[in-house]
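Colleague: Okay, here's the prediction I keep looking at, along with the sequence it came from:
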Protein chains: 2
Amino acid sequence: MKPMIPSETAATAVAEPASGREDVSLHDEILTRLRDHIVEGNIPDGGRVPERQLCEMLGISRTPLREALKVLASEGLVELLPNRGARVRQLSAQDLGELFDIMGGLEGLAGRLACENITDTEIAEIERLHYEMYGFYLHRDMHGYFRVNQLIHQKIVEASRNAALQSTYANLAGRLRRVRYSANFARKRERWGEAMREHETILDALRRRAGSELSDILFVHLRNKRTAAVEHLKVVEPAASEPA
Amino acid sequence: MKPMIPSETAATAVAEPASGREDVSLHDEILTRLRDHIVEGNIPDGGRVPERQLCEMLGISRTPLREALKVLASEGLVELLPNRGARVRQLSAQDLGELFDIMGGLEGLAGRLACENITDTEIAEIERLHYEMYGFYLHRDMHGYFRVNQLIHQKIVEASRNAALQSTYANLAGRLRRVRYSANFARKRERWGEAMREHETILDALRRRAGSELSDILFVHLRNKRTAAVEHLKVVEPAASEPA
DNA sequence: CCACGCATTTTTGCATTCAATTTCTTTGGT
DNA sequence: ACCAAAGAAATTGAATGCAAAAATGCGTGG
């Protein structure tokens, strides 16, 4: 059976790049799709990544898929076992803590740089998001809160005007997002109010463009997130070593 | 001509993995060797990466080489032009500045974490290196100074006890190292004394395990390095857009 | 003399193929 | 009935083949 049948199998799977930017190579397309597939938790923690099956799903041969897998391995999303293929990487509580720490460092940096570069318009936009988030907080809408929360952090990183920082941040955020998807990640209620208060100080420091101060606040903010997340993971997966 | 001739061409190129750890796959071997090849500046800035030639040099087929290239592209060392192969990535002054900023953020983070985790023995080791470096400074031995300098920063990152941070740091450091190799990077004399004084304060903060303070010092230290480096690059390559 | 167009050569991207290793299944022994 | 070993099937890692795109060389016309 030929894997390239543009009319049916492949067409639905590959999806037309027509409307978006079309200068992206097939490799990038595959890489993005496979990464999303894994980040969204379609493959269980520690589960094998079935090459053949994915090839059919994506309508491609193994060569570009394997290239994508190597990249995802270098990104830390999967691990490559010699002669035994790829497995989606299972994050231990320690791994999770490490990632949150780096996120804290990078967000702290982003905040510091943002204070040097951010425009009044951008601050106004973040203010708007902040109060929108506050609304979600008051209405106890956790889903909406999270969405806007991530958006705010995203905006701060963007305001850093540092493309390399943004891509590094995106990579780590992806790994964490996968954990969020697989272990359903509900933040504790008592932590919520605290986080909201921290965001007040974040906005305040940003308004005053107090870079060093904002850096510290963001780091501590992430450090607190970290504690909550690690605690949660320990509860969800107490012995997360080798479930095989 | 068959590319796999273990007796002559390949044997000298591939080098025996016998003595070292032998659980590394061929892919990792190729990846490391190709990365080193590029980081060490064997291919000029913006130059094409000749697949066929490298395949012969490494004694492999194109498949694993191309896999390695995709990974190096995701690491930011090369860029992949659709249908036009890989080129080693030319860093603009802005790129360089961005990288130094992230290094500053990560080192600041590393310093903060190191203060939470570092042992007295490790501090003593860094003290030793510091004074060794001071000796090189007094003797105006720039080469030795740089070597020990990098070692000190390395030790701080290691003391953070954060593997993910270390690998991210290593990636960025590799990109910068390439710049150091290609543009021959001599630090200005007047900056040297300043850097040495900054290192005094770094050591002091580390001794006191003053995490937040060390974080700021390291960031500013890198920020100053950044300024010097960007200035230098602007002098060396004033119009570094497209030399082709 | 230089610019442009066309054919040739090279290079790239991906599919396919093949050997080697692993994993599954079945068979035989206790 | 259970475990071990041998064989079969599947999976992986890497080489090779092939079509399409780009780079190169060459001839022609201005």
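Modeller: Done, it's in. Residues are numbered from 1 along each chain as shown, chains lettered A, B, ... in the order given.
Colleague: can you list the weak-confidence ranges in chain A?
Modeller: Within chain A, the ranges that satisfy pLDDT under 70 run A:1-24, A:183-187, A:237-244.
Colleague: How is it divided into domains?
Modeller: Listed domain ranges for chain A are A:9-88, A:93-236 (source: automatic domain parsing).
Colleague: nearest to DNA strand D, of those domains?
Modeller: domain A:9-88 (3.0 Å; Cβ to the nearest atom of the strand). All C-beta atoms are positioned from the backbone trio N, CA, C, and that covers glycine.
Colleague: Out of the domains of chain A, which is the most enclosed?
Modeller: Ranked by mean neighbour count under mean count of other Cβ atoms under 10 Å in any protein chain shown, those are led by domain A:93-236, which reaches a mean of 18.
Colleague: end to end, how far does that domain reach?
Modeller: 10 Å (Cα to Cα, to the nearest Å).
Colleague: how about the domains of chain A in TSV, adding distance to residue B:57?
Modeller: Compiled in TSV, these are given as follows (distance: least, Cβ to Cβ, whole Å):
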stretch	distance to residue B:57
domain A:9-88	20
domain A:93-236	30
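Colleague: Any chance of those domains in JSON lines with distance to DNA strand C as columns?
Modeller: Shown next, in JSON lines, are these (distance: least, Cβ to the nearest atom of the strand, whole Å):
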{"stretch": "domain A:9-88", "distance to DNA strand C": "3"}
{"stretch": "domain A:93-236", "distance to DNA strand C": "20"}
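Colleague: which residue sits closest to residue A:223 in space, ignoring its chain neighbours?
Modeller: Counting by Cβ to Cβ, 6 or more residues apart in numbering or on different chains, residue A:223 lies nearest to residue A:104, which is 5.6 Å off, once chain neighbours are set aside.
Colleague: Contacts only, for residue A:173.
Modeller: Counting by Cβ atoms under 8 Å, 6 or more residues apart in numbering or on different chains, residue A:173 touches residue A:103.
Colleague: Let's see that with 6 Å instead.
Modeller: Contact analysis of residue A:173 by Cβ atoms under 6 Å, 6 or more residues apart in numbering or on different chains lists nothing.
Colleague: Do you have the helices of chain A handy? List them.
Modeller: A:9-14, A:26-39, A:51-58, A:62-75, A:93-117, A:120-138, A:142-159, A:163-182, A:189-207, A:211-236 (DSSP state H).
Colleague: Output the contacting helices and strands for the second one.
Modeller: Helices and strands touching helix A:26-39, by 3 or more Cβ pairs under 6 Å, 6 or more residues apart in numbering or on different chains; DSSP states H and E, are helix A:62-75, helix A:163-182.
Colleague: quick one: contacts of the first one?
Modeller: This points to helix A:62-75. A:27, A:30-31, A:34, A:51, A:54-55, A:78, A:80, A:86, A:171, B:67, B:70-71, B:74.
Colleague: and of the residues you listed, the nearest to residue A:99?
Modeller: Proximity of the contacts of helix A:62-75 to residue A:99 (Cβ to Cβ) peaks at residue A:171, which lies at 10.1 Å.
Colleague: which residues touch that closest one?
Modeller: residue A:75.
Colleague: Likewise for residue A:51?
Modeller: With Cβ under 6 Å, 6+ apart, residue A:51 has these contacts: residue A:62.
Colleague: If we use 7 Å, what do you get?
Modeller: By Cβ atoms under 7 Å, 6 or more residues apart in numbering or on different chains, the contact set of residue A:51 is A:62, A:65, A:85.
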